[in-house]
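S.K.: return atomic coordinates for the entry below.
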Amino acid sequence: MTGAPTVACPDCDGTTFRLGPCRCTRYGNRLLADDGPPGGAAPHREPYRKCALCRGGGTVAVACLRCGRHGRRRAQLVLTVANLDTGAVASHEVAPDSLDPRPDPAGGWAADLTPRVRELAAATGVAATVDPMTVRLPPGWRPDLPADERHELAARALAEAARPAWRVLVGRSTAPPPIDPAARLAQLCALADLLLLDLVVEARRHDGGLCWDVRYELPGSTVPAASPRLHADLSAALTRTEVTDALAGLGERGLAAPARMLRPDRPLPPAPPAGGADHVERRVRADCTSLTAELPGAQAVWRDGRWWHTGLGPGEPVETLVGQPTGQVLRRVRVPLRRLAEPPEPPWLGEPLPWRPCPDCRPENRLRACRCRACGRPDDDGCPACHGLGLRPSVLACATCGGTRRLHQAMLVTLTDLRFRVAHLTWHVGAAEAATLAGTGAGGRAVVRLPGRYRLGAWASVFGVRPQDLVDADGGHDIPPDARDGYVTLPWAGADPVRELVAAVAPALPAARLLVTAVRPDAPPLAELIRLALGLDLALVVSVVDLRNHPADPSRAHGLLWSVEMRAPAAPVCPDDLPERPSLEAAVAHCLDCLDVTLPETVPADPEEPIPVPQSTPRALPADPVPALLRLAARHAGRPLAVRFTRSGCTVHRHDGGGPRLLAEGSDLRVCG
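M.R.: Residues are numbered from 1 along each chain as shown. Here you go, the predicted model:
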């Protein structure tokens, strides 16, 4: 195989580094500086004479990250389409000489690669919508230039467009049904009423137009500094926003929301009528313009069975001081947005939750609890971090309260299947509960188990799922073992177990609420993922550990833990290949969700080494490896195993104290087991 075509990196001119003005020149020779407007071009000023980066010279050398410090960039792009149902894979290599530039309506010349991706999709039988893909040629490219000049300019354009250099579309033989924006909006509104949340439809001005976002919020949340998702219109926002997408980021958005009791026994309001999306969009667009000026945005808030509309305007400026690596202090003034009219308070909110001040932080001084207190040692002058104070400066949020400065004496738990079933629980600190002794934890401390209402895993059967299928609705993170199974380690004899449970789970929860989804992961069988990896000529690493008979602390992770990752075919098993997902389905679903990140990482780092162009005809599913994996995990109980599947066979590794150790290798797992 010949080497890949390369060009000198235009960012560093092939030197692997570049010289540029130091960041201290943005603010001049001053210790306290004001930050300019966001996105504004800062003029080159006098360097800071005491700068810790350039020592007053005003110029610094930085490694070029665009070329990975190689000095050259690969002028090759590989397009791949893979069918998850059949295992068929088709790829097309785009080289500088294979571009077919045409006049671009916007000016200049461009090569449209979209037809090539459609041809690959047709060859593999993938039914998917192909997004437009073009490579714009430099302004100096013309068809009448000499061949070597055209090749050089095309190579530069391809090297710039090849980010990532391997683009893979994984689809199925049948396309999913189209999403009706009106039906999606009705679904989101009905679920907001069920979960006792607000549904916010927001439009903000961005680059001369309006960008849209649809998300869930807690009543009393402030307007975020920026919308997490930008869509051209409300229909696009609804079709691309699943329920899990609307819930993602709920904790960050709701840090300032007040913690209140819930009244879930109220009758649910009627669902919104179908076809309301167009009406909501027209009203929000109209609210973006006031009688005197254009507003920066507007919102429609679905609360308690109806829409509430409001514009967004500038709030009170917020000033912060931020230390810089140069040694300077930067003063930033941020003008947050606020609602011009707040909707009425929802009737399902009750009295405020009781709370006490956090003893482990001083937010105004960025002081947090020191490690010497976390280790259980008394404060003394011998601690190099706090010198006996017990608090030390830190830019991180307080681990005890999550930065809220409040320790709530109760927490609210909502379990839902994201359809029509929901359960609201309240855990009160100080409630007299009959906890049973379950074992002994670290330091000889007692581990007790709370009754069933404090075991979220016990509610899984109510929703028809397994305990390991329960995840945090905000981001899909696993539920901690203490909350899932009700195990609590008491710091001293006679401590309140409910208080310890709330203290372990509640920090940084928005409004002291934990939303848990009880939904079985929608994941294909592991054999389909192995077939996909073999078709792409990659390695699939499946890690598993059997902790079902954990002999120590019952509050530690137990059961079967899994991990599934796609790697380059020559990549070895790493010490970090440890299982962490509570079910195989969750591990497979996570692997598929991350393919757009993991697959480009398998591209060779050396730009001289070409990217493989995988091809594969439809193939039968391999034998189900799960029974053999379970037998291997049980045979090596308590020891993590990593099984690596490739086209040449599979290898079994066990993680020992010195790292992964090869146990067996063969043509398939049945031979290795």
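S.K.: could you measure from the residue nearest to residue 371 when sequence neighbours are not counted over to residue 394?
M.R.: Closest residue to residue 371 apart from its sequence neighbours, by CB to CB, 6 or more residues apart in numbering: residue 385 at 6.3 Å. No exception for glycine: its C-beta is placed from N, CA and C like everyone else's. Residue 385 is 10 Å from residue 394, where distance means CB to CB, to the nearest Å.
S.K.: just the buried positions in stretch 137-156, please.
M.R.: 137, 141, 150, 151, 152, 153, 154, 155, 156 (16 or more other CB atoms under 10 Å).
S.K.: first-to-last residue distance for that stretch?
M.R.: This stretch, stretch 137-156, spans 8 Å end to end (CA to CA, to the nearest Å).
S.K.: avg pLDDT for that stretch?
M.R.: For stretch 137-156, the mean pLDDT works out to 90.
S.K.: same check, this time on stretch 159-179
M.R.: Rounded mean pLDDT across stretch 159-179 is 91.
S.K.: go on, stretch 394-411?
M.R.: Here the average pLDDT along stretch 394-411 is 82.
S.K.: what lies in contact with that stretch?
M.R.: The contact list for stretch 394-411, computed with CB atoms under 8 Å, 6 or more residues apart in numbering, reads 255, 259, 261, 353-361, 363, 366-369, 426-430, 502-503, 505-509, 512-514.
S.K.: wait, residue 655 sits on residue 636?
M.R.: No. Using CB atoms under 8 Å, residue 655 makes no contact with residue 636, being 9.6 Å away.
S.K.: so between those two, which is more surrounded?
M.R.: Neighbour totals were compared for residue 655 and residue 636, and residue 655 leads with 22 against 17 (other CB atoms under 10 Å).
S.K.: quick one: low-confidence residue ranges for this structure.
M.R.: Applying pLDDT under 70 to the chain flags residues 1-2, 36-44, 228, 266-275, 290-292, 373-382, 550-553, 555, 671-673.
S.K.: what do you get if the cut-off is 50, keeping everything else the same?
M.R.: 1, 38-41, 378 (pLDDT under 50).
S.K.: nearest residue to the middle of it?
M.R.: Nearest residue to the geometric centre of the chain (CA atoms, centre = their mean): residue 475, 6.8 Å.
S.K.: am I right that that residue is in a strand?
M.R.: No. Looking at residue 475 with DSSP: H, G, I helix; E, B strand; the rest coil, it is coil, so not inside a strand.
S.K.: the residue nearest to it when sequence neighbours are not counted: neighbour count?
M.R.: Distances taken as CB to CB, 6+ apart put residue 248 closest to residue 475, at 5.8 Å, once the chain neighbours are dropped. Neighbour count of residue 248, defined by other CB under 10 Å: 20.
S.K.: roughly how far does the nearest residue to residue 538 once chain neighbours are set aside sit from residue 511?
M.R.: Computed as CB to CB, 6+ apart, the closest residue to residue 538 that is not its neighbour in sequence is residue 566, at 5.2 Å. Distance, residue 566 to residue 511, using CB to CB: 39 Å.
S.K.: more crowded one of these two?
M.R.: residue 511 (24 against 21).
S.K.: is it true that that one touches residue 258?
M.R.: Yes. Under the criterion of CB under 8 Å, residue 511 makes contact with residue 258 at 6.5 Å.
S.K.: give the buried residues for stretch 97-110.
M.R.: In stretch 97-110, the ones that count as buried by 16+ other CB under 10 Å are 99, 101, 109, 110.
S.K.: adding secondary structure and distance to residue 4, write these out as TSV.
M.R.: Below are these laid out as TSV (DSSP: H, G, I helix; E, B strand; the rest coil; distance: CB to CB, whole Å):
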residue	secondary structure	distance to residue 4
99	coil	15
101	coil	21
109	strand	23
110	strand	23
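S.K.: can I get those residues in JSON lines including distance to residue 229?
M.R.: Formatted as JSON lines, the buried residues of stretch 97-110 follow (distance: CB to CB, whole Å):
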{"residue": "99", "distance to residue 229": "33"}
{"residue": "101", "distance to residue 229": "33"}
{"residue": "109", "distance to residue 229": "33"}
{"residue": "110", "distance to residue 229": "28"}
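S.K.: just to revisit the earlier point, for the residue nearest to residue 538, give the beta-bridge partners.
M.R.: residue 540 (DSSP bridges).
S.K.: that one against residue 596, yeah?
M.R.: No. Assessed by CB under 8 Å, residue 566 is found out of contact with residue 596, at 11.4 Å.
S.K.: show me the helices in the stretch 201-350 of the chain, by range?
M.R.: 234-239, 243-247, 250-253, 277-287 (DSSP state H, counting those that start in this stretch).
S.K.: name the residues that touch the longest one?
M.R.: Helix 277-287 is contacted by residues 181-182, 185, 201-203, 210, 233-235, 238, 295, 298-300, 307, 309-311 when judged by CB under 8 Å, 6+ apart.
S.K.: quick one: which of those sit in strands?
M.R.: 201, 202, 203, 210, 298, 299, 300, 307, 309, 310, 311 (DSSP state E).
S.K.: max pairwise distance over the residues you listed: which two?
M.R.: Spanning the widest gap among these are 210 and 307, at 17.9 Å by CB to CB.
S.K.: out of these two, which sits in the busier spot?
M.R.: The neighbour comparison of residue 210 against residue 307 (other CB under 10 Å) goes to residue 210, with 21 against 18.
S.K.: number of nearby residues for the closest residue in space to residue 112 that isn't next to it in sequence?
M.R.: Sequence neighbours aside, residue 134 is the residue nearest to residue 112 in space, at 5.2 Å (criterion: CB to CB, 6+ apart). If you count neighbours by other CB under 10 Å, residue 134 ends up with 14.
S.K.: now render the ones in strands among the contacts of helix 277-287 as JSON lines, adding distance to residue 625.
M.R.: Conversion of the ones in strands among the contacts of helix 277-287 to JSON lines gives the following (distance: CB to CB, whole Å):
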{"residue": "201", "distance to residue 625": "45"}
{"residue": "202", "distance to residue 625": "46"}
{"residue": "203", "distance to residue 625": "49"}
{"residue": "210", "distance to residue 625": "50"}
{"residue": "298", "distance to residue 625": "53"}
{"residue": "299", "distance to residue 625": "50"}
{"residue": "300", "distance to residue 625": "49"}
{"residue": "307", "distance to residue 625": "51"}
{"residue": "309", "distance to residue 625": "55"}
{"residue": "310", "distance to residue 625": "55"}
{"residue": "311", "distance to residue 625": "57"}
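S.K.: all good on my end, thank you.
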